[in-house]
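Participant: Generate a structure from the sequence data that follows.
(3 chains)
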Amino acid sequence: MDLQNSDAIVFMGSNMAECHPCGFKWPMKAKAKGATLIHVDPRFTRTSAMCDQYVPIRSGTDIAFLGGLVNYILTNKKYFNDYVVAFTNAATLINANFKDTEDNDGFFSGYNATNRTYDHATWQYQTTKAPERVPEPPAGGAPGQGKEGGVGTSGPPTTGTVKGANFAALIANRLPGQPLQDKTLTDPNTVFQILKRHYARYTPEMVEKICGTPKELFIKVADTLIANSGPDKTSAFVYAVGWTQHTTGVQLIRTAGLVQLLLGNIGRPGGGIMALRGHASIQGSTDIASLYNIHPGYLNVPDASKSHDTLLNYILTETQPTSFWSNTPAYVISQLKAWFGDNATADNDYFYDTLPKITGDHSHLPVMVEMSQGKIQGMILTGQNPATSLNAAFQRNAMSKLKWLVVLDFYETESSVFWKHADAKPGDIQTEVFFLPAAHVAEKDGSMTQTQRTIQYHHKASDPPGDARSDLFFWHDLGLRLKKLYAAGRPGAKNVEGIKNMTLDYAPDPAEVADWIHKDEPSAFKIFKEINGFDYKTKAPLPSFANLLADGSTAAGAWIYTGMLQLVNGQLVNRGEMLPGKNDGWVSPNWGWAWPANRHQLYNRASADPAGNPWSAKKKYTYWDAAAKTWKNDPGDGIDFAPTKAPSTPANPTGIGIAFHDGASPFLLKKDGKGWLFAYEGTVEGPIPTHYEPWESPVKNLLYKQDRNPLTKIYDVPGNKYNEFAGTQFPTVITTYRVTEHHLSGTMTRWLPWLAELMPDLFVELSPELAKEKGIANGDYVRVTSERGVTEARALVTKRLRPLVVNGQTLHQVGMPWHWGYQGIATGDIANNVSSFVADPNVSIHEGKAFTCQIEKGRARA
Amino acid sequence: MPTKYVLPPEWEWPITIALFIAGIAAGAYAAMGLIHFAGDKRDQAVAHRLGFVPLPLMLVVPLLLIVDLGQPGRFLNLLVKSPAAVERGGPLMFNSNSPMNWGSWAMVIFGAFAAIAFADALHHSGRVRFTWLEPLSHNIVVLAIGELLALVVSGYSGVLLNVTNQGVWSDTWLMGALFICFSELSGLAVALIVSDRMGTVRTSAALRTALFYAATVSAVVLLLFLASMAAQQDGSLTALIASLHELVGPVFWIGAVGLGLLVPLLYLAPRRLVPVPNASLSLIGILVLVGVLAFRYAVFFSAISFVQS
Amino acid sequence: MSDLRGMFVDTSICTGCKACQVACKEWNDLPMENEAAVRDHTAFTGNSYDNTVHLSATNWRHVKFIEQIGPDPSTADRSDPRWLMMSDSCKHCVQAGCLEVCPTGALYRTQFGSVDIHQDVCIGCRYCVGACPFGVIAFNQRTGRVNKCILCQDRLEIGMGTACAKACPTSSLTFGTVGELQAMANERVKLLHSRGQTDAYIYGWDLGNSGKITAGPNKGTAVKDVEVVGGLNVFYLLLDKPEVYGLPAHAALPQRNFVPSAGVALISAAVLGVTGLAAFRRNRMAENAIAEGGD
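Facilitator: Next comes the predicted model:
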């Protein structure tokens, strides 16, 4: 909603009008108020049609483009100096031994070529001396449970339980020194100077050479952004999976972060980087843990390779002494208490030991690789369709190695009948498949958290048809059955106290199911209550994560959601159900509830200058009321800062958490409270984003000898051969995408007659120039091929696609939506037959947005 | 050219034939009236025989309309208001803006007059005697009203086509006139056949002149029609000619123009302009009828083929 | 005027999402146009993102896509690219051709000024199909009756707006009273003009705006507001000539031809009558001449 306040919006890596059509009303409001809209994209899409500027770009070269913006801003001295000096780490000094990619042919210092990793030692801040560590008492715990404590040592102190642990003291004992800064930004070791050197060669000319973006168009974008940023103007970036799905995805988004920090567009109304999540509650599913390495509320899953052997060590490893994450102990223990209930106590580490630990990357791609190698026996698949996903044949083949497969979905998806694919030999497949009909979202209670972190509760509107049941019913029932099994005793079963103590008390109250056929559907609201958190004794919901304690007296499934239920005059109010009242303003604090603590604009302390005054009357948002000695926000947003911490508060070298920061450090989740232009940790392939070519690219890296992200996760397994880098066999760049008319792999849309007819068949978009070269006419069947396979599609020849001149050579790009499969009303070939398994090293996201192919006229199969 | 933006009404064979038949009925009635008014006593035998023609044809028309509309009862909605049609006024349906309403009422009432003519013809054939009918059937006012209704029946559908937004149809004001002309051609052709079969040479002679004149008038109206199309700034004539593809073109030029107009013009001219082989008047009448059917076809399918092209 | 309900279709903010098309089908429970074609892979048109092609008895609403990437589609020039989109439906004409020719009263003017169809009265004569200047109303082979957008008469009767406008995410479709909508449209045109988008004008009512097309093949052509057949209760803000959107520049009522056509028909009938009489008279005279000559 905040996009309506922007003065300029750059859509890049996003086709918002098509893929987030409802949210697109807000940019359109901004446009009506005079904002300039810019679309940077390989294709001229329905978003481009709505924008003032359309800027073509080669897929996968966004860092070069954005790095070009950084360079343009720095060389022309157009950065927001006051903001940059006070709120970012521009002035912070980096270890003098740090070496940049400019000095090192595309590598930062610390690279280990053998195992393709970086040692981050030279990337660190220069700091004052850390406070002296005091010897620590042995960890608590009943005799026999804890081993020897690490008294007085500087390593992990203890292997005992958390009983009696004084977390405040333990954290205080781990405080680092204060970062050193040069506020004149002139020291060669300042982040600012490093940044300048790093991006010096990202000139408009270089951008044109690498991205194929005409120089004038690039400069127009830069000038528009600069003209619409500053004290009384703000610009926003909007992205989606067009940015994430690259082997450089994380760094790509970070580059936008650099641009926005330099322009002072973070934490301010109309500013920011809007991440458009893929579908209705994908934000919620990240918050509440559909990823293998994150527990609800962004707590890391215990990891066998880290110091996570005991709860205490886990907590001390995960707790950041100098950021808001200093509160981690309360969040972790409250979560364990919510999961394991009455019997979970400090004595038994709240059953922490019974949690499985990860041993590596267990994300989708490596799991499918293991499955293809026969290492995985069974899979429960719900809301996912790997049979049409990346390198689809590989995934279907992997599934055929399973002993059993359970699919919960509301249509017979391609994955549930992966053996029906034309190329499959059902006779050779031994997989036993169980298909369980699932209820649709309208057929169950629950909540959704959308892209602005706003949670909304919804109620079941109808009974599901036939035997279809909610996912919740399935998992709850499975949990109950497991509990029963283990309660009865399983020979040889170890470490089962966790399962036996799982709190699965979600049986519905009669009133909840009175109107519905199924009387045993678990209560989504009871889970909602557990997620919110409650006082363990009184069971009263807790109003804020500030109420969570590390002593087992509170329970909360996900600390970020604490407060979505409130007791108001003794009445339980579900804020996820609330609707705006009159004069609710544009922040609309009563429309749903945004985590954390109903704060809509994160880091909004940055909307005031270091002294706490609004940067301008026009962009007034959160500000310091000196008389009242408190931060205020007139539109009603929550203050994302310590509410009464004065702007002039000095940094406290002995303060825990955000007390460590001064009153002008808005970024409270960061260890130094600053916006990070230089990320000394968190990104594995470097502290500053660097242009690398996509894993499959027809051209070499024009900036460095190192062509591609050196840490790229590659899967060198049969069936996943990569196209030759910068070769001639696959000269065309291809990007995959979605259209408004369908959703993801089409499971929710290709079965719907009204949507099926709108986009009935798979097509590939290509320019008339490429079509002419290949003798392809509009509507012809064409073959799109890669080393992985072939996809047959109809040609949609359109000038909306255009050839680009990259480093003097004409280069063609094509685009193919990936909604189709062989099931449903509207069927078509699978775009992902040609994509591959290759991933970003930070988050294991694939590179479906930029790879190479060959395109020819004709049909793929007889 | 508005045609580009409209949908075709998909009036095809049943309607084409229905209007062909209704046109013959009305034309035959008109021919009958013409003989009544213009002929003398010796001509009346043909007039009486012609009286047999309109009624059976007018009974076939609703059958064809039922085929087209799909349900027997639907035709009634053209005459009687459905309770659901919330309109002011009485129970009868009449929308004066709609040529179809004019036509449907005209056909119903004309049916009564056709019945009178039929009874009169029966009476005169001597098989059944309706002596009481004579004052009515020979009443000049009755005949005049019947003629007027026949006129509406023969012309309304042409006016109806004018009152649309289809290409060709709505581009001129001459559709009604053309329909009346071709209806009259078919009526006179039937009269000529009847007269020829009866061997009433004298009446046949008058009728062939009448048919020649009617063909002349029709040819003039058709030329005016083509001229008016050509006069449209947006190139309707070109479009029209372009649209006359597949069957429509040959049917129009050979059938409608050739058989419907050139045959009577060549054969029936008081002084033949060019030598033609001999043919009986009946055959010429039949050829004209075929020509009129071709005209109906060409008209109905012109707009449709036009839209589809 | 204040009772009249209609819609303002601002094509300048239509994102072509087709939510209106789907909302229409959902609310009115309309089937797919041609399921067999979708299943047989013959439904893909290659015509930009438009695969439903036209309004029909089962498509009461249809979004059009007009690609104008550069001034000339046949050259590589991609300057000033535009992709025009427009959600089309029945215009609910103030003077409606369909309604005027309907011989059964099935088509009627509602209390909201829109044109609705009594399905149980319609006999499927298709006269209205041929009469509509926009090609909106269409014959339904399944029911043997005609269908078109009925401005969600059932929703309007209980005080709601149209389903399509409700679904429109960018307010390209706005439902309201015609007077309010005209004011909104006028304001919108003026805003766009003030931003240099001088191609905006109103199709349906003449609110006095005029401008010039800024991009595409018709760049430089003057455009101005146009009142169509006495006004359209569902009217449009367009950015190019009406024909570009498949709308007639000069829509006309079929009734314009009624009186002249009937008049010419009467004249022709009179001429035929006279020639008929003349034929008999000529023959009698010829007969007499022979008779006299024989004496």
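Participant: If we ignore the residues flanking it in sequence, what's nearest residue 7?
Facilitator: No chain in the question, so chain A it is. Leaving out its chain neighbours, the residue that sits closest to residue A:7 by Cβ to Cβ, 6 or more residues apart in numbering or on different chains is residue A:228, at 3.9 Å. All C-beta spots, glycine's among them, are computed from the backbone N, C-alpha and C.
Participant: Chain C is the one I meant
Facilitator: Distances taken as Cβ to Cβ, 6+ apart place residue C:234 nearest to residue C:7, at 4.5 Å, with adjacent residues excluded.
Participant: list the contacts for the one you found?
Facilitator: Contacts here follow Cβ atoms under 8 Å, 6 or more residues apart in numbering or on different chains; on that basis residue C:234 touches C:6, C:7, C:9, C:89, C:90, C:91, C:92, C:151, C:204.
Participant: ok, so of these, who is nearest residue A:713?
Facilitator: When these are compared for distance to residue A:713, the smallest value, 49.0 Å, is given by residue C:9; criterion: Cβ to Cβ.
Participant: Might one say that residue A:19 is in contact with residue A:279?
Facilitator: No. Residue A:19 is beyond contact range of residue A:279, at 9.3 Å (criterion: Cβ atoms under 8 Å).
Participant: Check the contacts of residue C:234 and tell me the two furthest apart.
Facilitator: Comparing every pair within those by Cβ to Cβ identifies C:151 and C:204 as the most remote, at 14.3 Å.
Participant: okay, the two: which has more neighbours?
Facilitator: The residue with more neighbours, out of residue C:151 and residue C:204 and counting by other Cβ atoms under 10 Å in any protein chain shown, is residue C:204; that gives 31 against 27.
Participant: Could you report the distance from that one to residue A:288?
Facilitator: When distance is defined by Cβ to Cβ, to the nearest Å, residue C:204 is 50 Å away from residue A:288.
Participant: still on that earlier bit, what about the residue nearest to residue A:7, neighbour count?
Facilitator: Counted with other Cβ under 10 Å, the burial measure for residue A:228 works out to 21 neighbours.
Participant: what about the longest helix in the chain?
Facilitator: Chain wasn't specified; assuming chain A. Longest among the helix segments of chain A by residue count, using DSSP state H, is helix A:471-487.
Participant: actually chain C
Facilitator: helix C:258-294.
Participant: list the buried ones in that one?
Facilitator: Within helix C:258-294, the residues that count as buried by 16 or more other Cβ atoms under 10 Å in any protein chain shown are C:258, C:261-262, C:264-265, C:268-269, C:271-273, C:275-276, C:279-280, C:282-284.
Participant: again with stretch C:49-60
Facilitator: C:49, C:50, C:51, C:52, C:55, C:56, C:57, C:58, C:59, C:60.
Participant: who's the closest residue in space to residue A:438 that isn't next to it in sequence bridged to?
Facilitator: Taking Cβ to Cβ, 6+ apart, and ignoring the residues beside it in sequence, residue A:438 has residue A:408 as its nearest neighbour in space, at 4.5 Å. Beta-bridge pairing of residue A:408 under DSSP bridges involves residue A:382, residue A:436.
Participant: Low-confidence stretches in the chain?
Facilitator: Picked chain A for this. By pLDDT under 70, the low-scoring segments of chain A are A:138-159, A:862.
Participant: The intended chain is chain B.
Facilitator: Low-confidence segments of chain B, defined by pLDDT under 70: B:1-4, B:84-89, B:233-246, B:303-309.
Participant: Name the single longest helix found in it.
Facilitator: With residue count as the measure and DSSP H as the assignment, chain B has helix B:201-231 as its longest helix.
Participant: For that one, buried residues please.
Facilitator: Using 16+ other Cβ under 10 Å as the test for burial, helix B:201-231 gives B:202-219, B:221-222, B:224-226, B:229.
Participant: packing partners for the longest helix of chain A?
Facilitator: helix A:497-501 (3 or more Cβ pairs under 8 Å, 6 or more residues apart in numbering or on different chains; DSSP states H and E).
Participant: Which is the succeeding secondary structure element to the helix it packs on?
Facilitator: Elements were assigned by DSSP states H and E; along the chain past helix A:497-501, the next helix or strand is helix A:510-513.
Participant: what's in contact with that following helix?
Facilitator: Contacts of helix A:510-513 from elsewhere in the structure, counted by Cβ under 8 Å, 6+ apart, are A:445, A:519, A:520, A:521, A:523, A:525.
Participant: Of the buried residues of stretch C:49-60, which are in range of chain B?
Facilitator: The subset of the buried residues of stretch C:49-60 within reach of chain B, counting by Cβ under 8 Å from any Cβ of the partner chain, consists of C:55, C:56.
Participant: how about the buried residues of stretch C:49-60, which pair is most distant?
Facilitator: When these are compared pair by pair using Cβ to Cβ, the two farthest from each other are C:49 and C:57, 22.6 Å apart.
Participant: Tell me which residues touch residue C:53, please.
Facilitator: Going by Cβ under 8 Å, 6+ apart, residue C:53 touches C:45, C:47, C:62.
Participant: what about 10 Å?
Facilitator: The neighbours of residue C:53, taking Cβ atoms under 10 Å, 6 or more residues apart in numbering or on different chains as the test, are C:33, C:34, C:43, C:45, C:47, C:59, C:62, C:64.
Participant: contacting residues for the closest residue to residue A:429 other than its chain neighbours?
Facilitator: In space, and not counting its chain neighbours, residue A:429 is closest to residue A:400: 4.5 Å by Cβ to Cβ, 6+ apart. Residue A:400 makes contacts with A:371, A:372, A:418, A:419, A:421, A:424, A:425, A:426, A:428, A:429, A:430, A:431, as judged by Cβ under 10 Å, 6+ apart.
Participant: mind redoing it with 7 Å?
Facilitator: Residues near residue A:400 by Cβ atoms under 7 Å, 6 or more residues apart in numbering or on different chains: A:418, A:419, A:429, A:431.
Participant: Out of those, grab the one that's most surrounded.
Facilitator: Per-residue neighbour counts (other Cβ under 10 Å) across these peak at residue A:418, which has 29 neighbours.
Participant: ok, it to chain B distance?
Facilitator: Computed as Cβ to the nearest Cβ, to the nearest Å, the residue A:418 to chain B distance reads 45 Å.
Participant: Check residue A:323 too.
Facilitator: Distance from residue A:323 to chain B, by Cβ to the nearest Cβ: 65 Å.
Participant: How many neighbouring residues does residue A:808 have?
Facilitator: 6.
Participant: Kind regards, and thank you for your time.
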